[in-house]
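Colleague: Here is a sequence with its predicted model. Questions after.
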Amino acid sequence: MILAAKALALILGIIAISKSYHDFRKKEEGLTMFLFWLTTWSAIIVVTLYPILIDKFNALVGDQGSSINTFLGASIVALFFVVYRIYIKAHRIERQLHTIVMKLGLKELDKD
Amino acid sequence: MKLAIVIPAYNEEKSIETVLNKIPKSIDGIDEIITIVVDDGSTDDTFEISRKKAKYVLRHIVNMGVGAATITGLSAAKKFRSDVAVTIDADDQHDPSDIAKLVYPIVNGLADVVIGSRMSDTNDMPPIKIIGNWFMNFLTFLVFRKWTSDSQSGLKAFNKKAISKMCFHSIGYEICSEIIGEVQRNKLRLIEIPVSTIYSKYSKAKGQSWLNGINILTKMIVIKITGRK
């Protein structure tokens, strides 16, 4: 199970980085955005392959109580927040797009 | 009184002509009837066919959803200073002669919004649609606290007050539920009138999947939380 999770993280990470690099080469994505995704996905791959790093990091900053489970819990909360923000933004964009499409449609009436 | 019949249509080349041909030419208490087809970015001949039969045909340059098309149609009805607006599906599942039944309570000042309920006679209705409709009625009640027997009916009538007071944020099927929410919010008078439904193979295939209810519920909650200004 753990091995499958590691393999999945590795595959998804490589796909995401390749896609980001592809978009960067095609100038559809800026350098800052590419570096952001590269760092994020590289970190995800490293942490998934070597979860012990979380404990070592916690020991380094003097926090003995936290573990990989705490890290995963916090990640889920953060991801839910990101999904919520994306949903709200998509809803807003959808409405703005409809306003444009509707105005264009109603403009035809003025021509008649 | 002026009546605007709004028909949102997306890829309905097989049925739109039949629907338009069946639209009544006169209705008691109505002096003028105009038909407004809103072609919601169809990729077939819906637009061309509608242009031959309807008085006004509006076009969405991209497909936005039945809610968006309904809002555009109602906005056009408002622009034409219509006293009454009726929405009807383009898939020929409604009998357009029922429009007169919906208009009657509005013309006589008995209601602001009238829903044509398909649930009074469910003999021909597929069981999955009956369950789906009740499920949607329940979700609508859960979010907007107003019970109706057929919240998802596409056959509805609105008076001038309702057209001007209602403010929609839905662009998909969730508009049917949002209409109920707007009735509640604006304290409008709503009544339901039994209407007949034509369940052809074509109309059965159209409409929303009841699994779409989860998506609609999420959107209704978002609208409830964020939609009001």
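Modeller: Okay, I see it.
Colleague: Just give me the longest helix of chain A.
Modeller: helix A:68-111 (DSSP state H).
Colleague: which secondary structure elements does that one contact?
Modeller: Secondary-structure packing of helix A:68-111 (3 or more CB pairs under 8 Å, 6 or more residues apart in numbering or on different chains; DSSP states H and E): helix A:52-60, strand B:56-59, helix B:66-79, helix B:212-222. Every C-beta, even on glycine, is put in place using the N, C-alpha and C of the backbone.
Colleague: Let me have the ones you listed in TSV, extended by mean neighbour count and mean pLDDT.
Modeller: Below are these laid out as TSV (neighbours: other CB atoms under 10 Å in any protein chain shown; pLDDT from 0 to 100):
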stretch	mean neighbour count	mean pLDDT
helix A:52-60	13	81
strand B:56-59	23	96
helix B:66-79	24	96
helix B:212-222	18	74
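Colleague: quick revisit: by how many degrees do the longest helix of chain A and helix A:52-60 diverge?
Modeller: Angle, helix A:68-111 to helix A:52-60, by axes from the mean of the first three to the mean of the last three CA atoms, to 10 degrees: 110 degrees.
Colleague: Could you list the alpha-carbon positions for the helix or strand of chain A with the lowest mean pLDDT in PDB?
Modeller: Counting by mean pLDDT, DSSP states H and E, chain A has its least confident helix or strand at helix A:52-60, which shows a mean of 81. Below are the C-alpha coordinates for helix A:52-60, written out as PDB (Å, rounded to 0.1, in the frame of the first residue of the first chain):
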ATOM      1  CA  ILE A  52      11.200  10.200   7.800                       C
ATOM      2  CA  LEU A  53      12.300  13.700   6.600                       C
ATOM      3  CA  ILE A  54       9.300  15.200   8.300                       C
ATOM      4  CA  ASP A  55      10.300  13.800  11.700                       C
ATOM      5  CA  LYS A  56      13.900  14.900  11.100                       C
ATOM      6  CA  PHE A  57      12.700  18.400  10.200                       C
ATOM      7  CA  ASN A  58      10.500  18.500  13.400                       C
ATOM      8  CA  ALA A  59      13.400  17.400  15.500                       C
ATOM      9  CA  LEU A  60      15.500  20.200  13.900                       C
END
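Colleague: from the middle of its chain, how far away would it be?
Modeller: 24 Å (CA atoms, centre = their mean, to the nearest Å).
Colleague: returning to what we had before: which one of the helices and strands packed on helix A:68-111 lies closest to residue A:108?
Modeller: Nearest to residue A:108 among the helices and strands packed on helix A:68-111 is strand B:56-59 (5.9 Å), distances taken as CB to CB.
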